[in-house]
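[1] Sharing a sequence plus its predicted fold:
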Amino acid sequence: MGKDSKPKNKGKQPAAGAGAGDDGASKSGGKGKGGKSADGLGTCTYVKARHVLCEKQSKINEAYKKLQDGWLDNGDKVPPAEFAKVAAEYSECPSGKKGGDLGWFPRGKMAGPFQDVAFSTPIGATSAPFKSTHGYHIILCEGRKN
């Protein structure tokens, strides 16, 4: 197991990429030169992402429904430009004005659940809504690098 023996996903549905709280990518090599793991996520040290942040769960669910109705229900990936429109409309983060663009950030910069979900969401995929200390989020992973 990991450093602590407590499960991090206590009875909740898994967020993006099942088991986001205890994914192997965040513990399997950290800042190593990293090859690819079985799930293709590898052990990257940087991720490029967009997000939507809302204080209320009902608002993030509304934003997610908009993404579902447009793309996710059909199994499609949300195009970054379309995700940016949803972020501009719904996000309460200052990044919302930039389509939710957070740019590239290293492992260790973002807190707990946000980092776990960002680094475990496959490139081009959108996470399910999840809660962090800042509110409720949806993440679109746009890239990874070492």
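    Here it is on my side, so go on.
[2] C-alpha from now on. contacts and neighbour counts both.
    Fine.
[3] For residue 95, give me its contacts.
    Applying CA atoms under 8 Å, 6 or more residues apart in numbering to residue 95 gives the contacts 101, 102.
[4] can you do 6 Å?
    Listed by CA atoms under 6 Å, 6 or more residues apart in numbering, the contact partners of residue 95 are residue 101.
[5] Assumed residue 122 was part of a helix.
    No - with DSSP: H, G, I helix; E, B strand; the rest coil as the criterion, residue 122 is located in coil rather than a helix.
[6] Report how many residues lie close to it.
    When neighbours are defined as other CA atoms under 10 Å, residue 122 has 20 of them.
[7] pLDDT score assigned to it?
    What the model reports for residue 122 is a pLDDT of 94.
[8] Please apply the same query to residue 33.
    Confidence score, pLDDT, at residue 33: 37.
[9] ok, now residue 102?
    We have a pLDDT of 97 for residue 102.
[10] Equivalent analysis for residue 20, please.
    In the predicted model, residue 20 carries a pLDDT score of 37.
[11] Residue 45 now?
    89.
[12] Tell me, how many residues neighbour it?
    By the criterion of other CA under 10 Å, residue 45 has 22 neighbours.
[13] just the one 4 residues further on next, same as before
    Counted with other CA under 10 Å, the burial measure for residue 49 works out to 24 neighbours.
[14] ok, then the element right after the strand or helix carrying it?
    According to DSSP states H and E, residue 49 maps onto strand 46-54. With elements assigned by DSSP H and E, the helix or strand that comes after strand 46-54 is helix 57-70.
[15] for that following helix, what is the average pLDDT?
    96.
[16] Show me which residues of it are buried.
    Using 16 or more other CA atoms under 10 Å as the test for burial, helix 57-70 gives 57, 60, 61, 63, 64, 67, 68.
[17] Could you figure out how far the strand holding residue 49 is turned away from helix 57-70?
    Inter-element angle recorded for strand 46-54 and helix 57-70: 120 degrees (by axes from the mean of the first three to the mean of the last three CA atoms, to 10 degrees).
[18] The lowest-mean-pLDDT helix or strand in the chain vs strand 46-54, what angle?
    Ranking every helix and strand in the chain by mean pLDDT, DSSP states H and E puts helix 112-120 at the bottom, with a mean of 94. Between helix 112-120 and strand 46-54, the angle comes out at 130 degrees (the same axes, to 10 degrees).
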